[in-house]
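**Q** Next input, structure requested:
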Amino acid sequence: MVVSKSSERIERADSSTVVPAADPLTDVVAAQSDPMVAEPAGLTQRLERHRARVAADWCGADLFRDRPPIGAADINLMSNDYLALAGHPAVVDAQVAALRRGGAGVMMSAIFQTDHDPDRAFEARMASLWQTETAILCQSGWAANIGLLQCISSKDSPVYIDKMAHASLWTGIVGARARPVPFPHNDVDALAASIRKSGPGVILVDTVYSMLGDRCPLREVVEIAERYGCQVVADESHALGVCGPGGAGLVAECGLGSRVAFRTASLSKAFCGRAGIIGCSRRLAEFFPVTAWSAIFSSSVLPCDVAGLDATLNLVLAGDRRRAALAVAARRLWDGLTGLGYPVGDLAPSHILAVRAGAEPRLVALRRAFESRGVFGAPFCPPATSAEHTALRLSLHSALSEEHCARILRVAGEVRDELNFS
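**A** Coordinates of the predicted model:
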């Protein structure tokens with residue numbers, strides 16, 4: 001018999017039975033008996049305000065973690081896997097093959113990569129899809145937006161940003177020390193007036209907005225940019241894979257590829273990966289890795305993730321049937337929810353439907369009512385929304401059948417009657 005130092009794991013020479021070892025972290029934690037450092041006073045105040053919010057507005061439980069596990073029979077509308085590609089055998093096989101071939105790769109900043117790394121081939125394929133000179137693979141959509149704005153904006157220069165644009169774009173403005181000039185959501189007249197007042201700059205928009213699922217009036221934005229000497233950054237995170245030929249996005253669908261200076265996207269939506277992408281000029285691609293802090297001071301995307309993204313791109317390009325199925329589900333649910341009196345938007349059906357709830361206690365009740373019936377949406381509240389305009393976001397996907405849609409609408413009808421919701 002062999003006994004380990006901690007006497008927790010016992011192996012017998014005459015038996016294959018092994019008593020599971022204790023977590024090795026236990027001994028390490030036990031050895032660290034020093035008391036924790038006191039909290040800064042400012043942090044203590046913020047934590048107490050958060051606890052008060054949980055008690056009052058969240059009905060005493062964590063809005064995000066206090067939920068039952070999602071079962072096989074439940075309908076998950078929390079994920080942004082719009083084409084239902086997560087776990088596709090071709091993607092998994094590509095990732096496994098890459099891991100077996102080279103493990104996790106070399107842990108280093110992207111600044112040290114060469115033209116021979118697998119990132120370059122994927123970037124070339126994405127540039128071909130977007131019809132841009134080249135593309136830059138980043139660690140995330142957040143890193144892409146922050147890094148891009150650091151490169152293209154200068155101190156105190158005006159950056160015009162839609163008030164509903166993603167937080168990464170707002171953070172990028174701060175990081176670049178530029179001057180944010182927000183304009184009301186999708187209000188092109190207000191945008192033009194702001195540019196006339198503050199002068200040429202960069203215009204930031206999402207092509208499909210992640211909160212409400214509505215589209216940017218992209219053609220009008222581009223025309224304003226050209227009229228006043230501005231450049232457009234179009235975040236395609238929620239349009240890539242879903243809109244346009246081959247899933248190229250809304251810029252391509254509108255035929256504006258040559259008129260939009262920069263495109264970005266998170267690859268954690270329809271591409272189901274962990275990365276971001278920028279479509280840009282070769283000149284910027286040379287400048288970006290030695291200038292953008294998000295590229296310099298963060299490790300590069302793992303080779304297995306690049307392999308998975310490359311395999312996913314094949315599926316996205318061949319995904320017309322999936323896109324068509326998604327459009328059918330979006331139409332069914334938009335029509336049905338609108339008919340039930342739910343405020344899910346006044347525009348065309350989208351693969352993102354936001355059931356607007358009002359204040360946070362109402363959102364908690366709405367979320368729990370849907371989940372108790374096996375339909376899981378994503379609750380959105382401050383800082384993603386204002387305090388009085390929370391929503392339960394339903395992210396649709398191409399695997400939703402007619403039966404799934406009927407069940408979702410049946411649940412929505414029951415919830416409406418239970419909560420007097422309309």
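
**Q** Quick one: low-confidence residue ranges for the stretch 251-400 of the chain.
**A** 345-347 (pLDDT under 70).

**Q** how about the helices in it?
**A** Taking DSSP state H, counting those that start in this stretch, the helices of the stretch 251-400 of the chain run over residues 282-287, 293-296, 303-317, 320-339, 360-371.

**Q** Out of those helices, flag the one nearest Ala406.
**A** Nearest to Ala406, of all the helices of the stretch 251-400 of the chain, is helix 320-339, at 8.3 Å by CB to CB. (Glycine included, C-beta is placed from N, CA and C.)

**Q** can you give me the angle that closest one makes with helix 303-317?
**A** Relative orientation of helix 320-339 versus helix 303-317 (axes from the mean of the first three to the mean of the last three CA atoms, to 10 degrees): 80 degrees.

**Q** what's in contact with helix 320-339?
**A** Helix 320-339 is contacted by residues 82-85, 242, 247, 344-345, 349-351, 353, 355, 394, 396-400, 402, 404-405, 408-409, 412 when judged by CB atoms under 8 Å, 6 or more residues apart in numbering.

**Q** now with 6 Å?
**A** Leu83, Val344, Pro349, His351, Leu396, Ser398, Leu400, Cys405, Leu409, Ala412 (CB atoms under 6 Å, 6 or more residues apart in numbering).

**Q** in it, what counts as buried?
**A** By 16 or more other CB atoms under 10 Å, the buried positions in helix 320-339 come out as 322-323, 325-330, 332-334, 336-337.

**Q** do stretch 170-185 as well
**A** For stretch 170-185, a neighbour-count test (16+ other CB under 10 Å) marks Trp170, Gly172, Ile173, Gly175, Ala176, Ala178, Arg179, Val181, Pro182, Phe183, His185 as buried.

**Q** Off-centre distance for whichever strand or helix holds the third one?
**A** This means Ile173. Assessed by DSSP states H and E, Ile173 sits inside helix 167-176. Here helix 167-176 shows a centroid-to-chain-centroid distance of 16 Å under the convention CA atoms, centre = their mean, to the nearest Å.

**Q** which other helices and strands contact that helix?
**A** Where contact means 3 or more CB pairs under 6 Å, 6 or more residues apart in numbering; DSSP states H and E, helix 167-176 is packed against helix 141-152.

**Q** immediately after the helix it packs on, which helix or strand?
**A** Trace forward from helix 141-152 with DSSP H and E and the next one is strand 158-162.

**Q** quick one: strands adjacent to that next one?
**A** Using DSSP bridges, strand 158-162 pairs in its sheet with strand 179-183 (parallel), strand 202-206 (parallel).

**Q** Pull out the buried positions in whichever strand or helix holds Ala52.
**A** Using DSSP H and E, the element containing Ala52 is helix 41-56. For helix 41-56, a neighbour-count test (16+ other CB under 10 Å) marks Val54 as buried.

**Q** avg pLDDT for that helix?
**A** In this model, helix 41-56 has a mean pLDDT of 89.

**Q** Give me the residues contacting the next helix or strand after that helix.
**A** On the C-terminal side of helix 41-56, the nearest following helix or strand under DSSP H and E is strand 75-76. Strand 75-76 is contacted from outside by Ile70, Val375, Phe376, His404, using CB under 6 Å, 6+ apart.

**Q** distance of Ser128 from Pro245?
**A** 12 Å (CB to CB, to the nearest Å).

**Q** Correction: the previous question concerned Pro383.
**A** Relative to Pro245, Pro383 is positioned 36 Å away (CB to CB).

**Q** who's more crowded, the two?
**A** Set Pro383 next to Pro245 and count neighbours by other CB atoms under 10 Å: Pro245 wins out with 12 against 7.

**Q** Which pLDDT value goes with the residue lying closest to Ser281 once chain neighbours are set aside?
**A** Computed as CB to CB, 6 or more residues apart in numbering, the closest residue to Ser281 that is not its neighbour in sequence is Glu133, at 4.9 Å. The model reports Glu133 with a pLDDT of 97.

**Q** where does the stretch 51-200 of the chain dip in pLDDT?
**A** In the stretch 51-200 of the chain, residues with pLDDT under 70: 105, 107.

**Q** what do you get if the cut-off is 90, keeping everything else the same?
**A** The stretch 51-200 of the chain contains residues with pLDDT under 90 at 51-70, 102-118, 156.

**Q** Can you tell me which of the buried residues of helix 320-339 is nearest Phe262?
**A** Nearest to Phe262 among the buried residues of helix 320-339, with distances taken as CB to CB, is Arg323, at 24.5 Å.
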